[in-house]
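Q: following is a predicted model, sequence given first.
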Protein chains: 2
Amino acid sequence: MNYYERNRDAFLKGLMEFLRIPSISTLPENKPDIQRAAAFVAAELRGAGMQQVEIIEGQGHPLVYGEWTGAPGKPTLLMYGHYDVQPPDPLEEWKSPPFEPTLRGDDLFARGSSDDKGQTYILIKAVEGLLKTEGRLPVNVKFLIEGEEEVGGEHIEAYVSSKPPRLKADAAVICDTEMFAPGLPTLCVGLRGIVYLELDVRGADHDLHSGSYGGAAPNPFQAVAEILCALKDREGHILIPGFYDRVRPPSAKEREAWARLPFDEEEYKRKEVGVTELVGEPEIPLFERLWARPTLEVHGIRGGFTGEGAKTVIPARAVAKISMRLVPDQRPEEVLEQFTRAVTAACPRGVTAEVRNIHGAAASLVDTESPFIKAAAEALSESFGKETVYIRSGGSIPIVGLFDRFLGIPSVLMGFGLPDDNLHAPNEKFHLPNFYRGIEAVAKYLEVLGR
Amino acid sequence: MNYYERNRDAFLKGLMEFLRIPSISTLPENKPDIQRAAAFVAAELRGAGMQQVEIIEGQGHPLVYGEWTGAPGKPTLLMYGHYDVQPPDPLEEWKSPPFEPTLRGDDLFARGSSDDKGQTYILIKAVEGLLKTEGRLPVNVKFLIEGEEEVGGEHIEAYVSSKPPRLKADAAVICDTEMFAPGLPTLCVGLRGIVYLELDVRGADHDLHSGSYGGAAPNPFQAVAEILCALKDREGHILIPGFYDRVRPPSAKEREAWARLPFDEEEYKRKEVGVTELVGEPEIPLFERLWARPTLEVHGIRGGFTGEGAKTVIPARAVAKISMRLVPDQRPEEVLEQFTRAVTAACPRGVTAEVRNIHGAAASLVDTESPFIKAAAEALSESFGKETVYIRSGGSIPIVGLFDRFLGIPSVLMGFGLPDDNLHAPNEKFHLPNFYRGIEAVAKYLEVLGR
């Protein structure tokens, strides 16, 4: 038995201790728990043999840093994870309390088990094993663990954008994503970008009675409906002029690889998505719709009357929350302009429409020929005994953009979660075989890179 | 000087006392004020010389009844008003406190001054003058004053629908509407009906992350937008099959009369409605759009994320509050069926749409040849020195339907409010010349009817 096999019980015990800290980043009353969780991470890094370990205070929750730089001439990896978690509500739907980690079969149930304490712990334990057994690492490693991932806090952005010399690295390793299927080693090599905005439509300068004025007064909610229908057709095609111009289709090789992924669409549809029918552009295959096609979604519409009963108001204003997911090579600023022009063209008479940008980020795509990706694929394949698959994700991971923009490094998204891990939901879990194998895979990755 | 001219100061003083009672029907903490207001009305009726005055308790706030039936062989009128008022919020926008009646120029500012304490008081003082000076009334008169008009309480419906013998009458007089313009005596002879409903659209069985699932998951908000656009075009034409089949156009005479109404469309648009442009069916004149054409309005859409910032959710559900105003001879049940069928036809794939009825009421139209209307027109013309105009209202007044349905009597809508009285808004006012002239006009009405 190697170090990793011998210490499984200790790893599990340590992770459970980590999970018992309710480090909910959005609630002020959990601020002491955030501090405890940061201290826990710092202690673990020190215990693993990392040096220069420091809790970096700043605006918002602390960052935790640690490094081992005893391999001159070898690459430097920046390892990222987060110690904060989502709130556990609704509490009554948990089968065991969210902060009392509970084993059922091969799964460990607790808030944060998968997202992201379990995965952060994988990174720490991988390094620990190498340092305890070899006394050194095959490459240089730096850790940057944050406590505001679930609230989009700005501490890490402020810190990374200041380009501190100690963050200098050749690639980042982000352990906060999913495997495509249980036991299937997975590298995520593409993320969609986003433009999130508010569409603010105003009609009369005050709310009007729909009896007295219905038939002559403009209705901002109807106007939002008309604008939405002008922006996207019933088949899911986005009608904004120029919107698809820069969209780079996936390569034939990528499409073929996606078509080969083990996948039960019926089960995905019924169990994971929970719908009777999957929709979207009918001529585009599912994974391409999710990973390589842009979207336009409305998240909600503020204003008017939404309570019980009947209030007969023509609202003065409707504010729609809308986002577009972007793919390579769309540019957020350009898409925002295209959207705004299309809204102006679609805006019905009697109302004004204003578009307010909330935030934007470009899509990212990692070169699968990068040595950091190739080494990761090799390490994962060895550890899991299967060929690593390359997928993309439809979501956006802001830290990837920050590392790219300010540190000029690619991110290796090596995740060990599973699609049914209930992230951000009751009964979050982590599949323990992935936990143990993930630790060994990360250690293997450092070895392969160090060769 | 007649009784009415001599007693103007006393009328004003009495009204101000009535207005000082904050009888807000929707707030539990104002329950004692509701009781005080009901007692005030009862005392005023007794003071005016009415008999059998009684505060009728029941579910909700009390009704106040009184009668004078000393004119056998003459018609009997049922006079309706309400002593409850809307909440005064937002308080900071009032120039003088809402329950401290304040004179500025010819206007008395206070919550309830126009809606409806001032107008209820007109009915009482009209009767008082005749009884004090003549010792009798020219017709039989009954009062039914309620305290739940602003909350749609069910006490009066329960009472009227039980058809108590003492409510037997030949016509109702409702003093709760507006004059078309200052100094222009006005009878409202038509009201629109309504169907109010919820459109409940469901997609996935849980909220979804728009990054992970956008491109394949149905979005109930987009579906609501598509359904709304399928139900009404950008010009305001309602596209529901059969919807206009029963619509009875106004007579040529009515249209001509409406075209002659003194009206500044520019001022109406800018000041009253507060829009840059009036919209709706372009080929239909404004008053017809407001009074004689059906509408479809969305009041708000519940669900999803509407807060500050950016939450990337594809909501599982969107519930739109929608109402249609109906005109003669549309039938609420039939319209609801037509709407439901049209929604089913327009519903996009991947979602389900359910229509839930909230309430409905047919439109009403009073025969302008009715002797009660003709007498009212004559009395108003005499009192105001101008020919009475007939208008309709785009709104619905439920009590008119109740009186029609359960008592089998028409309602004479003789109102003395003005379009700029700020009903349900800060700085509600009553134009005192209308108050004084209204009292005389109602007295004159009883005289004309008694001839």
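A: Looks like it came in fine. Residues are numbered from 1 along each chain as shown, chains lettered A, B, ... in the order given.
Q: use CA for all of it now, contacts and neighbours both
A: OK.
Q: and the helices in the stretch 51-200 of chain A?
A: A:117-134, A:155-161 (DSSP state H, counting those that start in this stretch).
Q: mean pLDDT, mean neighbour count and distance to B:D84 added to these, as a markdown table?
A: Shown next, in a markdown table, are the helices of the stretch 51-200 of chain A (pLDDT from 0 to 100; neighbours: other Cα atoms under 10 Å in any protein chain shown; distance: least, Cα to Cα, whole Å):
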| stretch | mean pLDDT | mean neighbour count | distance to B:D84 |
| --- | --- | --- | --- |
| helix A:117-134 | 98 | 22 | 59 |
| helix A:155-161 | 95 | 17 | 55 |
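Q: so which of the ones you listed is nearest B:Y213?
A: helix A:117-134 (22.9 Å; Cα to Cα).
Q: skip the chain neighbours and tell me the closest residue to A:P62.
A: Nearest in space to A:P62, with sequence neighbours left out and distances taken as Cα to Cα, 6 or more residues apart in numbering or on different chains, is A:I56 at 5.4 Å.
Q: ugh, wrong one, A:D170
A: Nearest to A:D170 is A:T76, by Cα to Cα, 6+ apart, at 5.3 Å.
Q: surely that neighbour is in contact with A:A171?
A: Yes - between A:T76 and A:A171 there is a contact under Cα atoms under 8 Å: 6.9 Å.
Q: would you list the helices of the stretch 51-200 of chain A in JSON lines and tack on distance to A:I145?
A: Below are the helices of the stretch 51-200 of chain A laid out as JSON lines (distance: least, Cα to Cα, whole Å):
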{"stretch": "helix A:117-134", "distance to A:I145": "8"}
{"stretch": "helix A:155-161", "distance to A:I145": "9"}
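Q: now those helices as CSV including distance to chain B?
A: Below are the helices of the stretch 51-200 of chain A laid out as CSV (distance: least, Cα to the nearest Cα, whole Å):
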stretch, distance to chain B
helix A:117-134, 19
helix A:155-161, 17
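Q: what about A:T76 and A:A171, which has more around it?
A: Taking other Cα atoms under 10 Å in any protein chain shown, A:T76 and A:A171 do not tie; A:T76 has more neighbours (25 against 22).
Q: who does that one bridge with?
A: Beta-bridge partners for A:T76, by DSSP bridges, are A:N140.
Q: who's in contact with it?
A: A:T76 makes contact with A:69, A:139-142, A:168-171, according to Cα atoms under 8 Å, 6 or more residues apart in numbering or on different chains.
Q: list only buried entries from those residues.
A: Taking 16 or more other Cα atoms under 10 Å in any protein chain shown as the criterion, what is buried in these is A:69, A:139-142, A:169-171.
Q: and those as CSV, adding distance to B:A363 and pLDDT?
A: CSV is the format used below for those (distance: Cα to Cα, whole Å; pLDDT from 0 to 100):
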residue, distance to B:A363, pLDDT
A:T69, 82, 98
A:V139, 81, 98
A:N140, 80, 98
A:V141, 77, 98
A:K142, 75, 98
A:A169, 75, 98
A:D170, 75, 98
A:A171, 72, 98
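Q: tell me which of the helices of the stretch 51-200 of chain A sits nearest to A:G214.
A: That would be helix A:155-161 among the helices of the stretch 51-200 of chain A, by Cα to Cα, at 49.1 Å.
Q: dump the C-alpha coordinates for that closest one into CSV.
A: Taking Å, rounded to 0.1, in the frame of the first residue of the first chain, the C-alpha atoms of helix A:155-161 are listed here in CSV:
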residue,chain,number,x,y,z
HIS,A,155,-11.1,40.0,-3.0
ILE,A,156,-9.5,37.4,-5.3
GLU,A,157,-10.0,39.7,-8.4
ALA,A,158,-8.4,42.6,-6.6
TYR,A,159,-5.5,40.4,-5.5
VAL,A,160,-4.9,38.6,-8.9
SER,A,161,-5.3,41.8,-10.8
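Q: and it, what other elements does it pack with?
A: helix A:398-402 (3 or more Cα pairs under 8 Å, 6 or more residues apart in numbering or on different chains; DSSP states H and E).
Q: tally of neighbours for the residue nearest to A:T26 when sequence neighbours are not counted?
A: Closest residue in space to A:T26, ignoring its immediate chain neighbours: A:V151 at 6.1 Å, by Cα to Cα, 6+ apart. The local packing of A:V151 (other Cα under 10 Å) involves 14 other residues.
Q: please tell me how far A:V151 sits from chain B.
A: Using Cα to the nearest Cα, to the nearest Å, A:V151 is found at 10 Å from chain B.
Q: what segments of the stretch 351-451 of chain A are helices?
A: Using DSSP H, counting those that start in this stretch, helices in the stretch 351-451 of chain A cover A:371-384, A:398-402, A:432-450.
Q: how confident was the prediction at the residue nearest the centre of chain A?
A: Compute the mean C-alpha point of chain A, and by Cα atoms, centre = their mean the closest residue is A:I397, 4.4 Å away. A:I397 carries a pLDDT value of 86.
Q: quickly list what the closest residue to A:R325 other than its chain neighbours is bridged to.
A: Nearest residue to A:R325 in three dimensions, chain neighbours excluded: A:I194, at 4.4 Å (Cα to Cα, 6+ apart). A:I194 has these beta-bridge partners by DSSP bridges: A:R325, A:A361.
Q: so what's A:A310 up against?
A: Contacts of A:A310 (Cα under 8 Å, 6+ apart): B:196, B:321, B:358.
Q: how about 10 Å then?
A: A:A310 is in contact with B:152, B:196-198, B:299, B:321-323, B:358-359, counting by Cα atoms under 10 Å, 6 or more residues apart in numbering or on different chains.
Q: from those residues, which would you call buried?
A: B:196-198, B:299, B:321-323.
Q: restrict those to those near chain A?
A: B:196-198, B:299, B:321-323 (Cα under 10 Å from any Cα of the partner chain).
Q: want to throw the residues you listed into a markdown table with pLDDT and distance to A:D9?
A: Converted to a markdown table, these look like this (pLDDT from 0 to 100; distance: Cα to Cα, whole Å):
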| residue | pLDDT | distance to A:D9 |
| --- | --- | --- |
| B:Y196 | 94 | 62 |
| B:L197 | 97 | 59 |
| B:E198 | 98 | 55 |
| B:H299 | 96 | 58 |
| B:K321 | 97 | 56 |
| B:I322 | 98 | 59 |
| B:S323 | 97 | 63 |
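Q: and those, which is closest to B:F403?
A: Nearest member of those to B:F403, counting by Cα to Cα, is B:Y196, at 21.1 Å.
Q: any idea how far B:S251 is from A:M50?
A: 90 Å (Cα to Cα, to the nearest Å).
Q: list the helices and strands the helix or strand where A:A342 lies packs on?
A: Under the criterion DSSP states H and E, the helix or strand holding A:A342 is helix A:332-346. Here helix A:332-346 touches strand A:193-202, helix A:220-231, strand A:317-326, strand A:352-361, going by 3 or more Cα pairs under 10 Å, 6 or more residues apart in numbering or on different chains; DSSP states H and E.
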